[in-house]
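# sequence plus the predicted model coming up.
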Amino acid sequence: MSSKITAPADYKTESILLANQRAAEHGIDLSKLPQLMDMNADTITDNVHAINANCTNDRMKFVFKSLIQHLHDFIRETSLTSEEWMTALEFLTKTGQISSDIRHEFILLSDVLGVSTLVDSLNHAKPPGATEACVLGPFFTEDAHHLQNGDSIATEGKGEYMYVHGKVLDTKGNPIPGATIDTWETDGQGLYDTQYAERTEPDCRGRLFSAEDGTYAFRAVVPVSYPIPSDGPVGKLVTNLGRHVFRPSHLHMQIEAQGFEKLTTAFYPRGDPYLYSDAVFGVHTSLIVDLKQVSDKELSLKRGFKEGKPHVELHRDIILATPEEGREARKKMMPAVEK
Ligand SMILES: [Fe+2]
């Protein structure tokens, strides 16, 4: 490909000078660009690569070269029609239009296509013994209330009582004090607080810290399985693909502590009928938990449940990896990351 621009005969010198000046204002030297003419299905891909070759961010250049190559190959491979491409663009437009600060339709799209799980698996591979990561999902919000250990994340009447407790530990079994624990879940109706139009403040979600000995505890409600939102483009896509839209019941947790990798995970009660066909591919065997029935009235009262009513108990320690341990675990997973 020529690196010298050859002005067509009808170009005026002043026009070239002005064009050069304007391009230079954006850091571009027109004389060094490839000549982009007569594009067709055989030449377009190489020419997009060529025009992007001036990108000074090597990682961005590498990622976009791969993205464009795969996207163009996908279009050739499927003989994609103009109508189908317009349908895709309209779908993406609707996905953006329905999104808001508390509705994350693009995260949901990433989840149902398996992209979130793929990105997580590569980026958040954990050393043996550390708690596995899983998808963040579209329902995390930043506005959770700060709670004390033992407080409830759910207001009264949101579902069946559940007590969640355990320790935050490192991979050697040492307690991690002061870890920030964000947790969120559905209520007993299978809905997150953000799905209620009349939401005024967070519910069934909270933020607390592990104690000096690494322990954490909070009251919650038993989460139930739920359909991903079906009133938007992503829910419709899943249905059109011949899949069901349900997620097994789960309790989300995100844990951050100084000197350790941030962990986004969730715990899945055993026995849920959707454990093996999760609409967003989030379940790992190691994250399945057994819920224990507690009918000891005194213990229920001590834990703060109204009138000492029975509850279920979810006991689970959370093991965090250090950045060094995480890096070691990911070494073989991401060979291209330095490119
Ligand atoms: Fe969820």
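Nice, I can see it. Residues are numbered from 1 along each chain as shown.
# going forward, measure contacts between C-alpha atoms and count neighbours the same way
Fine.
# how about low-confidence regions in this structure?
Residues of the chain meeting the criterion pLDDT under 70: 1-12, 337-339.
# list the contacts for the residue nearest the centre of it?
For the chain, Leu136 is the residue whose C-alpha lies nearest the centre (C-alpha atoms, centre = their mean; 4.3 Å). Each residue near Leu136 by C-alpha atoms under 8 Å, 6 or more residues apart in numbering is listed here: 252, 264-265.
# rerun that using 7 Å as the cut-off
Thr264 (C-alpha atoms under 7 Å, 6 or more residues apart in numbering).
# how far away is it from Glu185?
Taking C-alpha to C-alpha, to the nearest Å as the measure, Leu136 falls 12 Å from Glu185.
# now do Gln69
Separation of Gln69 from Glu185 (C-alpha to C-alpha) stands at 40 Å.
# who's more crowded, the two?
Glu185 (28 against 14; other C-alpha atoms under 10 Å).
# and the closest residue to the more buried one other than its chain neighbours, bridged to which residues?
Spatially, and ignoring its direct neighbours in sequence, Glu185 is nearest to Leu251 (5.1 Å; C-alpha to C-alpha, 6 or more residues apart in numbering). Leu251 has these beta-bridge partners by DSSP bridges: Glu185, Phe267.
# help me confirm that Leu251 comes into contact with Gly190.
No - the pair Leu251 / Gly190 is not scored as a contact, 11.7 Å apart, by C-alpha atoms under 7 Å.
# what's the overlap in contacts for the two?
With C-alpha under 7 Å, 6+ apart, Leu251 and Gly190 have common neighbours Pro223.
# these two: who's more crowded?
More crowded of Leu251 and Gly190, by other C-alpha under 10 Å: Leu251, with 22 against 19.
# and the gap between that one and Gly188?
12 Å.
# contacts for the lengthiest strand in the chain, please.
In the chain, with assignment by DSSP state E, the single longest strand is strand 161-170. Strand 161-170 is contacted from outside by 175-176, 210, 214-222, 311-321, using C-alpha under 7 Å, 6+ apart.
# could you chop this protein up by domain?
For the chain, automatic domain parsing gives the domain ranges 13-78, 107-330.
# please, where are all the helices along the stretch 101-250 of the chain?
For the stretch 101-250 of the chain, applying DSSP state H, counting those that start in this stretch gives helices covering 105-112, 115-123, 233-240.
# how about the second one: buried residues?
Buried residues in helix 115-123, defined by neighbour count with 16 or more other C-alpha atoms under 10 Å: 115-117, 120-121, 123.
# how about those residues in JSON lines, adding distance to Ser300?
Shown next, in JSON lines, are these (distance: C-alpha to C-alpha, whole Å):
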{"residue": "Val115", "distance to Ser300": "42"}
{"residue": "Ser116", "distance to Ser300": "38"}
{"residue": "Thr117", "distance to Ser300": "37"}
{"residue": "Asp120", "distance to Ser300": "37"}
{"residue": "Ser121", "distance to Ser300": "38"}
{"residue": "Asn123", "distance to Ser300": "40"}
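# please, where are all the strands along the stretch 51-200 of the chain?
For the stretch 51-200 of the chain, the strands defined by DSSP state E, counting those that start in this stretch occupy 161-170, 180-185.
# could you dump the ones you listed into JSON lines and include distance to Ala130?
Listed next are the strands of the stretch 51-200 of the chain as JSON lines, based on distance: least, C-alpha to C-alpha, whole Å:
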{"stretch": "strand 161-170", "distance to Ala130": "8"}
{"stretch": "strand 180-185", "distance to Ala130": "16"}
